[in-house]
Every structure is written in C-alpha cells, then in structure tokens.
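Asker: have a look; sequence and predicted model below, questions after that.
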Amino acid sequence: MKIYTLHKKQNLPISVEQAWEFLSSPKNLKTITPDYMSFDILSGADRPMYPGQIIQYIVTPVLGIKTKWVTEITHVKDKEYFVDEQRFGPYALWHHKHFIKEIDGGVEMEDIIDYKVPMGILGQMVHPILVRPKLEEIFAYRQKKLIELFGEYK
C-alpha cells in the first residue's frame, strides 16, 4: 500500500483571523478551485466549521467525469488548524491537514495531504502522469487565487 504526501506552504499578508475566516468556510472552496472542475457543494456548508461536519460536493476532476466527494471535518482548533478526511470519493485515502500560523507581516498557511490512489498497481502507475500533476495544478491555482484575493506576501 503506497501512501503519497503533498506538502504546500504559502505566506499571505493577512491576519490569522482573516485567514481563518476565509479558509474555515467550506463555501470558499469553490472560489479557490479551478472553474473547469465544476466544483459544487451539495450540502453541509450551511454552518461554521465544526468536528463531525459532513460536506458533500460534486466535482469534475478529469475528462469531464462528475464525481461525488464526501468529506468529514474531523478536527478543528480555532484559528490554528483543521483536518478534512474523505468518506466517499475518488481516493482510497484522503487526509488533509490545514495549518495557519502567524508570521511577521502575515500568516503562513500549510497544507499536508496524505492520500492513496485507488486501483492498486494500476493506480500507482497512473499517479505520476495524471494524479500528482493534477493535484499540483489545483494547488498552484489555489496559491495564485489567494494572492489575487489577499495580495502577495513581501
């Protein structure tokens, strides 16, 4: 069983409170997801984030194939971190940790995603040519969009 990790950091010139307000609202995920993915929240985003929250999405990650994705917010520490885990969706495992910490002149946001692709050895063969590049593309878009929204950290 091969588990992969994607680790991203980004600094933004905003307060911890601003970062938390934006990142902890599931409704803002659509804003930082590429349009071609047709990201749409079906349910679960009507309240502020809390442990045990179930959020259902429809997303079109590749080849125009619509996929239902269900995540659970498993851990929340106000203005510090939260964790979402896939309960149903395209991955065999998806565990995404979001950390926010104050730094000089802004915040550092850190994402650590541990994931496993489905379909055993076939999934592992497709990972470096399809899955990993797609995740890198999505997080590059997210980084660019956050800079557009909040400015560039100097």
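Answerer: Cool, the structure landed.
Asker: from now on I want contacts and neighbour counts done on CA atoms only, so please keep to that.
Answerer: Noted.
Asker: buried residues in the helix or strand of the chain with the lowest mean pLDDT?
Answerer: When each helix and strand of the chain is scored by mean pLDDT, DSSP states H and E, helix 120-126 comes last, with a mean of 93. Using 16 or more other C-alpha atoms under 10 Å as the test for burial, helix 120-126 gives 123-124.
Asker: got it, and stretch 93-107?
Answerer: Of the residues in stretch 93-107, 93-102, 106-107 count as buried by neighbour count, 16+ other C-alpha under 10 Å.
Asker: and the least confident helix or strand of the chain, how far out from the chain middle?
Answerer: Distance of helix 120-126 from the chain centroid (C-alpha atoms, centre = their mean, to the nearest Å) equals 23 Å.
Asker: same question, stretch 57-76
Answerer: The answer for stretch 57-76 is 10 Å, by C-alpha atoms, centre = their mean.
Asker: buried set for it?
Answerer: Buried residues in stretch 57-76 (16+ other C-alpha under 10 Å): 57-61, 67, 69-76.
Asker: packing partners for the helix or strand where L135 lies?
Answerer: Assigned by DSSP states H and E, L135 belongs to helix 132-150. Applying 3 or more C-alpha pairs under 8 Å, 6 or more residues apart in numbering; DSSP states H and E, one finds that helix 132-150 contacts strand 4-12.
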